[in-house]
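# attaching a predicted model along with its sequence, questions to come.
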Amino acid sequence: MITITKVKIKGFRGFTIEQEFDLSTPVTILFGENGKGKSSLLNSIEWCLFGKECVGTNTGIRERIDWEVKNRNNNVDSCIVELEIKKDGSMCTIKREYSGRRRDSEISFQTGNETLRGEEAEKRLRELINRYSFKDFLSSVYQHQEVVRFFITQKPEERNDAIDRLLGLTEYRNIMDGIKKAEIKGENLENEIDNLLKQIKAKIDVYQTQIKEKEETLKSKGFREDEISDRGAEDLADTIKRDLKDFSVSVNLNLSEDFNTVTTSEISSFSESAKREITRLRSEMPDVKRQTEIYQRINELNKDLTEHKDVQNDIKELKRILEEFVQSNGRIEKLEEQKKNSEKDLKEKEREKDRINLLGAIIERAIDYLKSDIVTNKDMCPVCGSEKENLLQFLEGEYIRSYKGQLEVINREIESKRNELKKIEDLISEYKKIEERKLKAEERYKHVCGNIRNKWNISERDDIETRLNHLLNENERMSKEIQELVNKRQEELSKIENRIKDLLEVHEILKLRSQREKARAIEGTEDFGKLQKKVEEFKRLATQVEDIVSAVRRATQEEAKDKINAVKGKVDEYFKKMTKHPMISKLDLRVEEDRRTGGNSYNFKDQHGKDIIPILSQGNMNALALSIFLALTASGNSPFGFLMFDDPSQSLGSTEKREFINILNEIAEQKDLVISTMDREFFDLIKEHLTRQKIIYKFEDWSQDGGPQVKIEN
Amino acid sequence: MGIKEKVERNLMSDDLKILWNKIYERFEQEGKEGVKKVLEEEANNVKREFEDIKRNIERQIGG
């Protein structure tokens, strides 16, 4: 049996700083008003044992839905609960810690010198508590008010589940849950076979429709029923072979393939070969070759005609441009004459300019001389004897008037002459370029004419254009003639091609008929037999699972009946002791098979076999729940050697409370008790009448930083 | 007598006992999820073979 001798709590729910509680005394009383930390102490034990299993909606406790494990105080960095556990004389310590940084809590399991952590620690803990789940713990160790109410007021399935767990039938329940979840149903594969048969039928219908459509198309082309057959397909293939042979003879070509007798299975490959043969015949027929040659000749003639005309037009155009040039600018000889005259005038003007520049230079030197210190006679010109000042005056006036004035005039004249010369030179150059283009065009014309004459054998006496047009007309006439012949041949080949298409359609119908027959016969195949065997195998498995479910139910009912029979006297005794109900002289707890679920159904009947639930008050119901809890936990095979009660005296009257304590005295002979209460009357009654050794923790106050303020009263 | 034996004495054939032993062995190892898994594995073995044959038949009918 597992007992808890000590619990150390820090930062868990209402606790902030570390506090330690000795639970080694047979009875531990937690007394205080609501909100002082009593429930946090009880909760810390279940959290340490079950971790996240005791948080959230799965617990079936409303207040656990958004339950916060860690205290919100800023000074609390993590919550830690440590339990010192005694089992069969051995001690171990379980420590669970949650910092809020990781998703899950961390656990360690210490026994002797060995310390396990994580999954290994969880595994060892589960072994220690015989794999009891949190729900088992709630039903058989921790008398939580909300869970107690499951026995009586909640749905019958939940009540039955809770009592099953109290009776230690958890494993049966869990096995049944696992089997239910697997959902092994024989009809699953049967449905699949039905679906497959439907699929086959639908496929046959599709084949039938396709066959009908294709048959109608062929019949509209004149096919008889008997021609849409293996024999018909072979005959049609023979016709195609014969047609191909006749055609190849008519165009003097050999067939590249020697088609032998065609069977139905060879129709696809025969059709492909025949199509290839037709493609080859279309391109290699002599008429087609000749037609191609004529087309090429017509193309060549058109090309040469165009080129001949283009060159002729080029020459004409250049001649026109030259005539226009002469009309506008005169003949080239005249322009050459103008150029010579203009060059001569320019030269004369440049010589005149040289003369003026020379004169200017002489006057400049004379002025410089007269103004320099070299002149000894300061008043007279040493050359002409003129008075110096007068001479200087004259020379400077002459320099401006004669030299500068003349230079300006001659420069303008030279510029004009140069422009005139440039214009003439440009005209001459333009003329020469046109003349050159014309010569080149004439050379090309000669070359083109030579080529055309050689190519088409046209004599020098014949006009090229006339001769080319004549040849073109002749070839176009031949082309028309051969086109008719080629069309006729192509039509013949198209007819053969259409026969091949018909042959393929017949073949397709034959294939569809074969598929349809295969689908119709599928139910008789070996594979279908195997499929049905698998369904039988699956149904056998489903039946076996059902048999096992029945066996598990029978076993759980047998065990439930044995256990209920063993405790029903105690339940009756406890209930009657506590309530002294005037209408109930005997409480009969019965277990039957739940017809709907197949599980155990527990019922509460009075001495007349009537259901007692409808006549019970709230206090009576609480007493009934406590009676069942106490009778079953006292005799059940829970691995826990202690019970925890959270405010058990709710709705109980004074007499009921007194009687409840008498029963607790009986229970305390077998298990340690941890009782939390805010009920002063109940607390006083416990102190006075619960005879086992007690330790009392008084939860006097609670502060945000210090958590519960607890005093011990022995 | 444990649960295994209590259930077993209610089973008539050897086949049932073999299946039950498989179920209980996995329950001991993995809890109720183990029960679910072992039954699903048994069912899937048959289903897989069934599906293979079914696919073969579908191929035969051109599906």
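Now that the structure is in, tell me what you want to look at. Not measured: the values here are computed from a predicted model. Numbers count the residues shown, from 1 in each chain, chains lettered A, B, ... in the order given.

# and residue A:485, how many neighbours?
Neighbour count for residue A:485, taken as other C-beta atoms under 10 Å in any protein chain shown: 14. To be clear about C-beta, it is placed using only N, CA and C from the backbone, and glycine gets the same treatment.

# now residue A:63
10.

# residue A:582 too?
Residue A:582 - counted by other C-beta under 10 Å - has 6 other residues nearby.

# assign it to helix, strand or coil.
Secondary structure, DSSP: H, G, I helix; E, B strand; the rest coil: residue A:582 is coil.

# list the contacts of the most centrally placed residue in chain A.
With distances taken as C-alpha atoms, centre = their mean, residue A:103 lies nearest the centre of chain A, 28.5 Å away. For residue A:103, no contacting residues are found, by C-beta atoms under 8 Å, 6 or more residues apart in numbering or on different chains.

# name the SS class of it, please.
coil.

# show me what the helix or strand residue A:518 falls within packs onto, helices and strands only.
Residue A:518 belongs to helix A:464-520 when assigned by DSSP states H and E. With contacts defined as 3 or more C-beta pairs under 8 Å, 6 or more residues apart in numbering or on different chains; DSSP states H and E, helix A:464-520 has these neighbours: helix A:187-220, helix A:230-250, helix A:267-284, helix A:286-329, helix A:405-456.

# nearest to residue A:339, out of the ones you listed?
helix A:405-456 (4.7 Å; C-beta to C-beta).

# what's the burial count for whichever residue of chain B sits closest to chain A?
Scanning chain B for proximity to chain A using C-beta to the nearest C-beta identifies residue B:35 as nearest, at 2.6 Å. When counting by other C-beta under 10 Å, one arrives at 24 neighbours for residue B:35.

# could you do residue A:160 as well?
Residue A:160: 22 neighbours (other C-beta under 10 Å).

# what of residue A:627?
26.

# which parts of chain B sit against chain A?
With the criterion set to C-beta under 8 Å from any C-beta of the partner chain, chain B comes near chain A through B:3, B:6-12, B:15-16, B:19-20, B:23-24, B:27, B:31-36, B:39-40, B:42-43, B:46-47, B:49-50, B:53-54, B:56-58, B:60-63.

# so for the helix of greatest length in chain B, mean pLDDT?
For chain B, the longest helix by residue count, based on DSSP state H, is helix B:32-60. Model confidence over helix B:32-60, given as mean pLDDT, is 90.

# list the buried residues in that helix.
The neighbour-count check on helix B:32-60 (16 or more other C-beta atoms under 10 Å in any protein chain shown) flags B:32, B:34-39, B:42-43, B:46-47, B:49-50, B:53-54, B:57, B:60 as buried.

# just the closest residue of chain A to chain B, please.
Counting by C-beta to the nearest C-beta, chain A gets nearest to chain B through residue A:178 (2.6 Å).

# give the contact list for the nearest residue to that residue once chain neighbours are set aside.
Leaving aside its chain neighbours, residue A:178 sits nearest to residue B:35 (2.6 Å; criterion: C-beta to C-beta, 6 or more residues apart in numbering or on different chains). By C-beta under 8 Å, 6+ apart, the contact list for residue B:35 reads A:174, A:175, A:177, A:178, A:179, A:181, A:182, B:23, B:26, B:27.

# for residue A:661, same thing?
With C-beta under 8 Å, 6+ apart, residue A:661 has these contacts: A:685, A:686, A:689, A:690.
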